[in-house]
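pasted the sequence and its predicted model underneath.
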Amino acid sequence: MGRVLTAEFLKLKGSPALWVSAVGVVSAPLLTGLLMGALGAAVGWAKFMNQSIAFVVFLGSVLFGLVAAYLFGREYTEDTLKSLLTAPVQRAWIIVAKLIVLLVWSLGLALVAWIVSILIGLTVVSEVLSLGMAWQTMKWFIVTVFLVYATLPSVAWLAMWSRGYIVPIGFALVTAFSGLIFLGSNKYSKLFPWTIPTAYALSVRPDNPGVVLGASSWAVMATLFVLGAIMCLLHLRYADVDK
Amino acid sequence: MVHAVHFTREGPRTGPGDNLSSSAVVLQTHGLTKVYGTERAVSDLSLTVRQGEIYGFLGRNGAGKTTTIRMILSLVRPTSGWAEVLGTRVGPTNPDIYERVGSIVEVPGFYSNLSVFDNLDVHRRLLGLRGTRCVENALELAGLADERAKKARALSQGMRQRLGLARALLNQPEILILDEPTNGLDPVGIREIRALIKRLAEERKITIFMSSHILSEVQQLATRIGIINEGRLVEEIDYDELRRRNRTYLEVQVSDAAKAVWVLEEELMIRDFSVHDGSRIRVYEALDRAGEINSALSSHGIMVNRLNVNEENLEDHFIKLVGGEAEH
């Protein structure tokens, strides 16, 4: 397992996808800064960071989907799958290693977004940033991105199934917008997996709790993650590599 | 059209495939079959490769060579049948066998953002090999030592093929499975890769299973040949046995084949011959009567443009089995 994981990390060396995704995620706090600056009103840390997370989730649904499509689809587009599968490693470990890299990458992006949000917030937000608030907002970012991460194995499977990027990215776009549609429904926003991360992001704002996620929401996300991962495992186990 | 191609291998065949009928079986397929919808890509294919052989898996484009190789490497699931490599039945759940196997399937793919060295290093890690000495050795062997820092996206087709070979050699495999290893290369590249394959077999005693649609390639390298046509293995034969079996003949190129046939049959009482392309006659008997044949034809006003002794070669054999034309 360790050797697959180190190989997976090495594959990212000098990859433009790393920078593209970082720039993409940084645009969320930048937009927040612009928005808050334009409004001109005094804004607190909780509201600012919460707005930033909301942008991260919306942009991120596509952006993180892109990362997942890249990690899993590149083996097909670069035609490297045949050498990967003729290495002495269990195929299941390949999927597990990729999912770990995807998690590290996603959480890395969450941290980048949080750090940039803090930096921009220091110029926009009127109140002093307490350590407690910094810690709490970091937790929001991480949990939100973790929820987005749960939707990614299904994107990864689509990348494998379609042997490329277009279908999974299209899927990520569609789910991002459909997530917005369900956001208005108190009932379905807790159950539709592509709404749940946004619902969570909005629920953590102290002045506007919005929809509070229940155990069923977490169960939905866990189920989607497990189903997506199983589809990936089954695909690599059974699908012919004949192109 | 049938081309006259001689067995032009230099010197006696002293490759590692000699006298190996009793050698250990390294690769074996048992009734491998792959059906796509209603199309049978590979049909009940059973072949055997023994230790030290260079096995030339010969067939036209689309004959089923790549599908067979993909099944042998467990990239494609057989509809029925199975393959054994180094005594282990291959399958997606027992990848350990790949510690002892090297392979290139069609055009090798690489991570475009990584350098030549890093691409090999990724595979080294997957193989679980310690230290980068093996990467250095493979680069050296494939003639890529000076290209180590080059990004894979900047490599020419020839270099990609060589990098593929370097990757396949990282683990010092006991068997190399190569699918059309010279495909897409320029003439110099083709010569280099062929020389390298030969060297690997002779110096490192690596068994090589190599598919090709190029007759001359198989003829130059293989110690044993398997011919596949329309998904079926039509013959498996040692190259030396093929040579023994092939017949020597006198080829006469004449201005009027029909008249020449009459002269051969009625005047010279020669019955064992065949006519090719309407002007070349292959005479399989009376090889010592070349002068007599020449003067008899001339005396009937038939112009003899060429007369020489030839031997049936792999191409003739291939066409006999498969029909049509072959590619050199």
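Cool, the structure landed.

would you map the helices across the chain?
No chain specified, so I'll use chain A. For chain A, the helices defined by DSSP state H cover A:2-10, A:16-39, A:45-77, A:81-85, A:91-124, A:131-150, A:152-162, A:166-183, A:196-203, A:215-238.

wait, chain B
With DSSP H as the criterion, chain B has helices spanning B:65-72, B:116-127, B:133-141, B:157-169, B:187-203, B:215-221, B:239-245, B:257-262, B:290-299, B:314-322.

could I get those as TSV with distance to chain A, mean pLDDT and mean neighbour count?
For glycine as for every other residue, the C-beta is placed from the backbone atoms N, C-alpha and C. Output for these, formatted as TSV (distance: least, Cβ to the nearest Cβ, whole Å; pLDDT from 0 to 100; neighbours: other Cβ atoms under 10 Å in any protein chain shown):
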stretch	distance to chain A	mean pLDDT	mean neighbour count
helix B:65-72	6	94	25
helix B:116-127	4	95	24
helix B:133-141	12	91	17
helix B:157-169	6	89	23
helix B:187-203	18	87	16
helix B:215-221	22	81	22
helix B:239-245	28	73	15
helix B:257-262	47	91	16
helix B:290-299	53	90	15
helix B:314-322	24	74	19
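
sorry, back to before: rank the helices of chain A by pLDDT, which is bottom?
Per-stretch mean pLDDT for the helices of chain A is lowest at helix A:196-203 (a mean of 80).

other SSEs contacting it?
For helix A:196-203, the elements it packs on are helix A:45-77, helix A:131-150, helix A:166-183, helix A:215-238, judged by 3 or more Cβ pairs under 8 Å, 6 or more residues apart in numbering or on different chains; DSSP states H and E.

which residues of chain A lie near chain B?
A:3-4, A:6-7, A:10-11, A:13-16, A:74, A:78-91, A:236-238, A:240-242 (Cβ under 8 Å from any Cβ of the partner chain).

mark which of the residues you listed are buried, thanks.
In the residues of chain A next to chain B, burial by neighbour count holds for A:3-4, A:7, A:10-11, A:15, A:74, A:78-91, A:236, A:241, counting by 16 or more other Cβ atoms under 10 Å in any protein chain shown.

need the contact list for the residue of chain A found nearest chain B.
Closest approach between chain A and chain B, counting by Cβ to the nearest Cβ: A:Asp79, at 2.8 Å. Going by Cβ atoms under 8 Å, 6 or more residues apart in numbering or on different chains, A:Asp79 touches B:Val107, B:Pro108, B:Gly109.

so which of those residues wins on neighbours?
For the contacts of A:Asp79, counting by other Cβ atoms under 10 Å in any protein chain shown, the largest number of neighbours falls to B:Pro108: 24 neighbours.

and the residue of the stretch 101-250 of chain B that's closest to chain A?
Counting by Cβ to the nearest Cβ, the stretch 101-250 of chain B gets nearest chain A through B:Gly109, at 2.8 Å.

can you tell me which residues contact that residue?
B:Gly109 touches A:Glu78, A:Asp79, A:Thr80, A:Leu81, A:Lys82, A:Ser83, counting by Cβ under 8 Å, 6+ apart.

likewise A:Leu109?
A:Ser21, A:Ala22, A:Val25, A:Gly60, A:Leu63, A:Phe64, A:Val67, A:Val145.

same check, this time on A:Met36
Contacts of A:Met36 by Cβ under 8 Å, 6+ apart are A:Val43, A:Phe48, A:Gln51, A:Val124, A:Val125.
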